[in-house]
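1. with the sequence up front, the predicted model follows.
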Amino acid sequence: MTVPASTPTAGEFRMAWALVVVAVLGMGLLLAGPALRRRYPVAWWLCLGFPAAALRVTRSWRPLMAACGLAQSRKAALAVVSGLVGHGAAPPQPRVPRRGRMHPTAGGFWLLVRLLPGQVPEDFVKAAPAMAHDWEMHTVRVTTWRPGVVRIAATFADPLRQPRMPRRHRADRLLRVAVGVLESGAQWVIDLRKIPHWLIVGATRSGKSTLINALVAGLAPQPVALVGVDCKGGMELSLYERRLSALATNRRQAVRLLGALVDLTQGRMALCRAARVRNIWGLPDAECPVPVVVIVDEIAELFLVASRAEKDDAQAAATTLVRLAQLGAALGVFLVVAGQRVGSDLGQGVTALRSQLGGRACHRVADSGTAEMTLGDLNPDALQAAQSIAPEDAGTAVLASADGWERARSYLVPETVAEGVAAEYAHLTPYLPELADSGSDDAAAVHIERLDRDA
């Protein structure tokens, strides 16, 4: 006697179709995964990469913590032995640090981990390479979130390989420019209101000029004055001359121009004192003077001397640069100093100037002394990373600050693009009367004599 087959219900039919659709979609994602990752890396990561990474982290967390020495026994050693002998029970599972929920980002994820008693953040920093290998991530960085808690951030690919410049290169705030990408995947932003002065070093074809191009292209559309000092005859900064309020192409002109900038800061200082404010940002908008960004290309040309006359010029240039660095942040004058080589052999003025430049970007350099001068006083741990930059990694730099360091890469902004942006916004070039008369040779001699008299 045969039993008639039961007819599937409507609910079972819909469930079967849903499973088929899910299977087809899953197969399609797996087949299209490589192409999706190349064209839409963020979509690939959120749809496929992050779920797989979350599964790997969940499965490997306990054995990984134990292998890296970050797990702690729940009982003292003698208690564990006595428990095994007396009752034949299995040893208790070790206690591992408790992790929080994983938060996806455009290029990875981050999570918080609470430290166990006796642990310090450095223990997790040492385990970061093992985490990256186990989770199949490009890199893992560990930072302190708050006392007793660390933040673990992972990226699935190298964001520095081919950084993509935004379609619209504009700033959302005055004196703030996105010039590249950080190793974490976030934008590399130079904000002169937060870090007013920068030192940028790098050998030939290391990406130093590309970074300056990106900075000029971002500042040109803003209501700021750009001033150039290029003692190599203006070969680099003359491309932006239509957007520059002033340009010095040799050391004598540089001394005149820097002296005029010092006089400009003195006038702004008197203006702030009369208004009883500490900086120009406290003045009414109608009275606030235009910010001035001074770009000094190849700083060594200002300090190298071959005669007594050149020594006087170099000393005058060093003195004025240090004075601008000390007073400029509050008075709206900002320095961006660049060079292929920066060392103590250039004179005491270089060391004094270096101490005033809080922002540091070190590209591939030809000598260890330049890397030491750039990064050593802020974060010695960044020296090894800076000296390991390969020649093919043009544009890659190591950024150092008082609380750490990170790798970054500037957008590829050719000279022709930056020159076009400067020409497009040439009508925004402000006229600064304080700099109008800084071109005569007599002005340079008077300025040097005044410095000698003050000394």
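-> That came through, no problem. Here the structure is a predicted model, which is why all the values come from computation and not from measurement. Numbering: from 1, shown residues only.
2. can you confirm R193 is in a strand?
-> No: per DSSP: H, G, I helix; E, B strand; the rest coil, R193 lies outside any strand segment and is coil.
3. spatially nearest residue to it, not counting backbone neighbours?
-> L175 (5.2 Å; Cβ to Cβ, 6 or more residues apart in numbering). In short, each C-beta sits where N, CA and C put it, glycine included.
4. what residues are up against that neighbour?
-> If you count contacts by Cβ atoms under 8 Å, 6 or more residues apart in numbering, L175 has them with D191, L192, R193, L219, Q222, V224, P291, V293, F334.
5. quick one: low-confidence ranges for this protein?
-> 1-13, 16, 18, 20-38, 74-92, 164-172, 401-403, 437-455 (pLDDT under 70).
6. per-domain residue ranges of it.
-> 39-155, 176-454 (automatic domain parsing).
7. how about the helices in the stretch 101-250 of the chain?
-> According to DSSP state H, counting those that start in this stretch, the stretch 101-250 of the chain carries its helices in the segments 121-135, 208-219.
8. please identify the deepest-packed of these.
-> helix 208-219 (a mean of 25; mean count of other Cβ atoms under 10 Å).
9. just the CA atoms of it, as PDB, please.
-> The C-alpha trace of helix 208-219 is given here as PDB (Å, rounded to 0.1, in the frame of the first residue of the first chain):
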ATOM      1  CA  LYS A 208      58.300  66.000  -1.900                       C
ATOM      2  CA  SER A 209      57.400  68.200  -4.800                       C
ATOM      3  CA  THR A 210      54.200  66.300  -5.400                       C
ATOM      4  CA  LEU A 211      53.100  67.000  -1.800                       C
ATOM      5  CA  ILE A 212      53.800  70.700  -2.300                       C
ATOM      6  CA  ASN A 213      51.800  70.600  -5.500                       C
ATOM      7  CA  ALA A 214      48.800  69.100  -3.600                       C
ATOM      8  CA  LEU A 215      49.200  71.700  -0.900                       C
ATOM      9  CA  VAL A 216      49.300  74.600  -3.300                       C
ATOM     10  CA  ALA A 217      46.300  73.200  -5.300                       C
ATOM     11  CA  GLY A 218      44.300  73.000  -2.100                       C
ATOM     12  CA  LEU A 219      45.300  76.500  -0.800                       C
END
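10. now for that helix, which elements pack on it?
-> strand 176-182, strand 198-201, strand 292-297, strand 333-339, strand 404-410, helix 415-424 (3 or more Cβ pairs under 8 Å, 6 or more residues apart in numbering; DSSP states H and E).
11. hmm, back to that, could the domains of the chain go into TSV alongside distance to R14?
-> Formatted as TSV, these follow (distance: least, Cβ to Cβ, whole Å):
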stretch	distance to R14
domain 39-155	24
domain 176-454	41
